[in-house]
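Enquirer: need a structure here:
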Amino acid sequence: MRIVSRALSSKIIRALVLGAACAVLAMAADWTEWRGPHRDGVLINEPKAWPEKLNLKWKIEVGEGHSSPILVGDSIYDFARFNDQETLFAIDPSNGNIRWKQQYPAPYKVNSAAAGHGPGPKSTPLYANGKLYTFGLSGILTCWDAKTGKLEWRKDSSQQFKAGAPVFGTAMSPIADRGMVIVHIGGDHSGALTAFDATTGNVKWTWTEDGPAYASPIVVELAGARQVVTQSQLNIIGVDEATGKTLWKIPFTTNYEQNIVTPVLYKDTLIFSGLDKGVFAVRLTRNGGAFKPQTVWENKDASMYMNSPVLLGDVLFGFSHLKKGQLFAMDAATGKTLWMGPPRAGDNAAVLVGKSGLVSLNNEGQLSIVRADAKSFEVLHQYTVADSATWAHPLVLSDGVIVKDVKSLARWGI
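Expert: As a prediction, this is how the structure comes out:
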């Protein structure tokens, strides 16, 4: 009996170890927030080979909005305006069945200049430690239980500021770090980059030196400091992650104050862009407690507007708004232009990168797989995946892609 018990125990241990390994692999494959678990647009799931044709597996109506879908475990989460309420959906990826949905009233009048984008949310949900966080178009931040959709807590920035959101609506996506959820609340010239306790919603710190922009922040370790880096309404900023204290600031504004681009970290430099501002890299130096940002290169061949770049090794890829839209590649160390794709590629394109290449979805429903190469531009595959505008990032899976158009969510398989 003792020998049998030991053998059985050994089998149980092996099964537990295997189960734990599988759980880790499953967690590693989760696409938990804006531009993925590292907020850098680098794919963790992708087909081994893209086919000549994609097949539509399912399509469901979820409502308006440009919020990008995320994947956690066996659920897709999508955030949209459905039946005139901001709505969070939990969806079965295999068949498109809705597991649960939660809604709340969120009246919103769209600025006429942004009428074409509709009244749906633009901010991508965030998953962290069993909770989901959504940030609505009018500035409503909500924490939900990811398994059940139960409301945990909610903050409405319009109760704190005269304008609860910027002129064209909230677009920045929340970030989680060390038990906090960091969000830039408020509206033009009056707002606060705020760290909320992720569990309770209590405020840990605020930074109130500028209003919010449309850019989503990253958290980095640079010049000996852990810091939140983002574009605010009129600046590029780095603030201390633990206290919210300003570490450094670069005055930066674009036409109509539309700072949108998510920063990218390349080694010890930060790469930025903006509407008609080119692409440039900044290195931080530190003398005691004083931080100094220095521009180390600048490139005017390309300029990003409503999208953010990606890195693969030492190559920076992105989508420029110049010449009516074109993909580009630059040397991330020097800023040298490596290639420019054909012009007139669209008003916007969401760009991701992986081993299979660049995955570029333009606003006209065209999904392109482009060789991620420093030497030349080459389209490997091209698909039409929607018949209405596509502004959200696609959710790339090992066997296909999830695409959000104006009102629907669709799964395309290989």
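Enquirer: Could you check how far residue 154 is from residue 321?
Expert: Using C-beta to C-beta, to the nearest Å, we find residue 154 at a distance of 35 Å from residue 321. For every residue, glycine as well, the C-beta is placed using N, CA and C.
Enquirer: Same question for residue 184.
Expert: For residue 184, the distance to residue 321 equals 23 Å [C-beta to C-beta].
Enquirer: Check residue 265 too.
Expert: Following C-beta to C-beta, the distance that separates residue 265 from residue 321 is 23 Å.
Enquirer: Kindly report the same for residue 351.
Expert: In terms of C-beta to C-beta, residue 351 sits 13 Å off from residue 321.
Enquirer: Those two: which is more packed in?
Expert: residue 351 (24 against 20; other C-beta atoms under 10 Å).
Enquirer: Pretty sure that one sits against residue 318.
Expert: Yes. If you go by C-beta atoms under 8 Å, residue 351 and residue 318 touch, sitting 6.2 Å apart.
Enquirer: Give me the common contacts of the two.
Expert: Common neighbours of residue 351 and residue 318 (criterion: C-beta atoms under 8 Å, 6 or more residues apart in numbering): 307, 308, 309, 310, 327.
Enquirer: Can you name the helix or strand that residue 328 falls in?
Expert: In this structure, residue 328 sits in strand 326-331 according to DSSP states H and E.
Enquirer: Off-centre distance for that strand?
Expert: With C-alpha atoms, centre = their mean, to the nearest Å as the basis, strand 326-331 stands 20 Å off its chain's centre.
Enquirer: C-terminal to the helix or strand residue 381 falls within, what's the next element?
Expert: Using DSSP H and E, residue 381 sits in strand 379-384. Counting by DSSP H and E, the element after strand 379-384 in chain order, helix or strand, is strand 395-397.
Enquirer: what angle do the following helix or strand past that following strand and strand 379-384 make?
Expert: Downstream of strand 395-397, the first helix or strand assigned by DSSP H and E is strand 400-404. In terms of direction (axes from the mean of the first three to the mean of the last three C-alpha atoms, to 10 degrees), strand 400-404 departs from strand 379-384 by 50 degrees.
Enquirer: So which elements touch strand 400-404?
Expert: strand 75-82, strand 395-397, strand 408-413 (3 or more C-beta pairs under 8 Å, 6 or more residues apart in numbering; DSSP states H and E).
Enquirer: got the angle between the last one and strand 75-82?
Expert: It stands for strand 408-413. 150 degrees.
Enquirer: from now on call the first residue 45
Expert: Sounds good: first residue 45 from here, last item strand 452-457.
Enquirer: Which neighbours in the sheet does strand 452-457 have, and how are they oriented?
Expert: strand 99-105 (antiparallel), strand 444-448 (antiparallel) (DSSP bridges).
Enquirer: winner for burial among these?
Expert: strand 444-448 (a mean of 25; mean count of other C-beta atoms under 10 Å).
Enquirer: who touches it?
Expert: Contacts of strand 444-448 with the rest of the structure, by C-beta under 8 Å, 6+ apart, involve 91, 98, 101, 106, 109-113, 115, 120, 122, 124, 137, 403, 405, 409, 411, 429-430, 434, 436, 438-440, 453-458.
Enquirer: if you set the cut-off to 6 Å instead, what comes out?
Expert: 113, 429, 430, 436, 438, 439, 454, 455, 456, 457, 458 (C-beta atoms under 6 Å, 6 or more residues apart in numbering).
Enquirer: just stretch 262-274 next, same as before
Expert: For stretch 262-274, the external contacting residues (C-beta under 6 Å, 6+ apart) are 83, 221, 226, 259, 261, 282-283, 285, 291, 307, 309, 328, 330, 335.
Enquirer: Please repeat the previous calculation with a cut-off of 8 Å.
Expert: For stretch 262-274, contacts defined as C-beta under 8 Å, 6+ apart pick out 83, 216, 219, 221, 226, 228, 237, 257, 259-261, 280-286, 291, 306-309, 312, 314, 328-330, 335.
Enquirer: List the ones among the shared contacts of residue 395 and residue 362 that fall in strands.
Expert: Taking DSSP state E, the ones among these that sit in strands are 354, 371.
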